[in-house]
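> Coordinates for the following, if possible.
(one chain, ligands or ions: 1)
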Amino acid sequence: MTKQNVLVSDEQSDINMAITVAVSNSSLFSPPEQKPPAAPGGYVAIPRKKLLKRTDIGGGARITAWVDSMRALSPTHLKSTASLSATQDQLQHPSALSMFEQIIHASKGKQIVMFLDYDGTLSPIVDNPDRAFMSKAMRAAVRDVARYFPTAIVSGRCRDKVYSFVRLAELYYAGSHGMDIKGPAKGYKKGNQAVLFQAASEFLPMIDEVYKALLEKTKSTPGAKVENNKFCVSVHFRCVDEMRWRSLAEQVKSVLKEYPKLRLTQGRKVLEIRPTIKWDKGKAVKFLLESLGFANCNDVFPVYIGDDRTDEDAFKVLRDRGQGFGILVSKIPKDTSASYSLQEPSEARTFASLLFCYGLFAPFGGVERTDSTRAHLRV
Ligand SMILES: O=P(O)(O)OC[C@H]1O[C@H](O[C@H]2O[C@H](CO)[C@@H](O)[C@H](O)[C@H]2O)[C@H](O)[C@@H](O)[C@@H]1O
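Numbering: from 1, shown residues only. Take a look at the predicted model:
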């Protein structure tokens, strides 16, 4: 299935941002020639070639374009455009629930590995990011799935924060868009190190500094919220009056001008500031698959469920590997590299429950477990 450009959607543009982000080709930053500082024990430093060239974080025109696209996405406008192409999208990205049997058939003889985004996938989108709790039922469904299949949470959030929401020690956690990865308390450990991977530890002081600068700069904007995600920072637009989006974006831009080693990406009504390294959720998925022993295997079937633009990097990795598939959580059509869709977090829970049932009954249904599954389950 090829990538379908279905339509510009609400949250997609959520910050479709615009500032699209980055954008114009004038480069403000060329990576330094020297190697990044050696990382402390247990961490892996990113080679220089993995540093991204940062492009301009967006001139006035870009910001205007972004704000305009946000305004165009009024609920009324969205409703009509979304329904127009919904049928086409349903054809291109059928429901992962109605296709469950086919999905399981495709996974036969392979090790399913589950990757789950957090916000908008396991928890509904809410105004206050500190209160984006997942339901007990969702936690139970994720716990059940992890009994049979290695499971990782891959989030833009700080790893500790997302762990405090999920609270399941048996999972892998990739926080800060995959820049901070930790394995299960009792599971696979590389060289007995609790932290499997930190991609950008040398950026920690800078991130902390920019977080404080953004707090100060945006404090005059009612509703603006700055969230420290350890290796990245989020500036939330969700509770800011639309009339102030432009000035908030300008504030972010003015702070970022002082930090050429940081770049902007976009999420759902949020601008995310992160290091200019070539690391994203897709790279985190690759890393985790390798850590689980599936570097060059054909018998692995990764399933990634996510709702956001940043999840597209992971969808693309699966598509490029020709292994498993991505599932986009969205009520409306979007431009995506995912193969299937789910409407909302409650459907993600149903999918997880179905997978659990499959795991539970598979031994009796003649599906053979791979060695990796046995290792994971300790059977
Ligand atoms: O990768 P994710 O786990 O999806 O994290 C991406 C961002 O999620 C959070 O923001 C989003 O959810 C909030 C709570 O529902 C919502 O208020 C906000 O508008 C959304 O963008 C999180 O707060 C961010 O830091 C993450 O970058």
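> Parallel or antiparallel, which strands does the helix or strand that contains R263 pair with?
If you go by DSSP states H and E, R263 is part of strand 262-267. As defined by DSSP bridges, the strand partners of strand 262-267 come to strand 270-275 (antiparallel).
> Tell me if the strand holding R263 is near the ligand.
Yes: Strand 262-267 is in contact with the ligand by C-beta under 6 Å from any ligand atom, via G267. The way it works is simple: take the backbone N, C-alpha and C, and place the C-beta from them, glycine included.
> can I see the domain layout of this protein?
10-78+201-275, 93-199+279-377 (automatic domain parsing).
> quick one on the thing from earlier: average pLDDT across the strand holding R263?
Strand 262-267 shows a mean pLDDT of 92.
> can I get the domains of the chain in CSV with mean neighbour count?
Listed next are the domains of the chain as CSV, based on neighbours: other C-beta atoms under 10 Å:
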stretch, mean neighbour count
domain 10-78+201-275, 18
domain 93-199+279-377, 20
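> which one of those domains has the lowest average pLDDT?
Across these, domain 10-78+201-275 gives the lowest mean pLDDT, at a mean of 70.
> quick one, phi/psi of L292?
phi -80, psi 0 (degrees, to the nearest 10).
> measure it to the ligand for me?
21 Å (C-beta to the nearest ligand atom, to the nearest Å).
> how close does that residue sit to I181?
Look at L292 and I181: by C-beta to C-beta, to the nearest Å, they are 12 Å apart.
> for E290, same thing?
Relative to I181, and taking C-beta to C-beta, E290 is found at 11 Å.
> for K225, same thing?
In terms of C-beta to C-beta, K225 sits 26 Å off from I181.
> next one: R139
The value you get for R139 to I181, if C-beta to C-beta is used, is 21 Å.
> Would you mind listing what in the stretch 151-300 of the chain touches the ligand?
Checking the stretch 151-300 of the chain against the ligand by C-beta under 6 Å from any ligand atom, the hits are 155-157, 227, 229, 234, 236, 238, 267-270, 272.
> Which residues does the top helix by length along the chain contact?
If you go by DSSP state H, the chain has its longest helix at helix 345-365. Contacts of helix 345-365 with the rest of the structure, by C-beta atoms under 8 Å, 6 or more residues apart in numbering, involve 95-97, 100, 104, 112, 114, 116, 120-124, 134-135, 137-138, 141-142, 144-145, 147-149, 303, 305, 327, 329, 342, 369.
> Within reach of the ligand, which of the residues you listed are there?
Among those, the ligand is touched by G120 when using C-beta under 6 Å from any ligand atom.
> Next step: the contacts of helix 345-365 restricted to strands.
Secondary structure assignment by DSSP state E places 112, 114, 116, 303, 305, 327, 329, 342 of the contacts of helix 345-365 in strands.
> ok, the fourth one touching Q111?
Which is V303. No: between V303 and Q111 there is no contact under C-beta atoms under 8 Å: 11.0 Å.
> quick one, helices of this protein?
Under DSSP H, the chain gives helices at 10-14, 60-72, 75-92, 100-107, 136-148, 159-166, 204-218, 245-256, 281-291, 312-321, 345-365, 371-377.
> and stretch 344-364, anywhere near the ligand?
No: Stretch 344-364 is not in contact with the ligand by C-beta under 6 Å from any ligand atom; minimum separation 10.3 Å.
> wait, stretch 306-325
Yes: applying C-beta under 6 Å from any ligand atom, one finds that stretch 306-325 is in contact with the ligand at 308, 310.
> Span of that stretch from start to end?
Start and end residues of stretch 306-325 are separated by 11 Å (C-alpha to C-alpha, to the nearest Å).
> sorry, back to before: tell me the angle of the strand holding R263 relative to helix 245-256?
150 degrees (axes from the mean of the first three to the mean of the last three C-alpha atoms, to 10 degrees).
> could you dump strand 262-267 to PDB, C-alpha only?
Below are the C-alpha coordinates for strand 262-267, written out as PDB (Å, rounded to 0.1, in the frame of the first residue of the first chain):
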ATOM      1  CA  LEU A 262      17.800  22.900  18.700                       C
ATOM      2  CA  ARG A 263      14.900  22.500  16.200                       C
ATOM      3  CA  LEU A 264      11.200  22.700  16.100                       C
ATOM      4  CA  THR A 265       8.700  19.900  15.300                       C
ATOM      5  CA  GLN A 266       5.000  19.800  15.500                       C
ATOM      6  CA  GLY A 267       2.400  17.800  17.200                       C
END
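> The ligand contacts on the stretch 1-150 of the chain?
Within the stretch 1-150 of the chain, the positions near the ligand by C-beta under 6 Å from any ligand atom are 117-120, 125-127, 129, 132.
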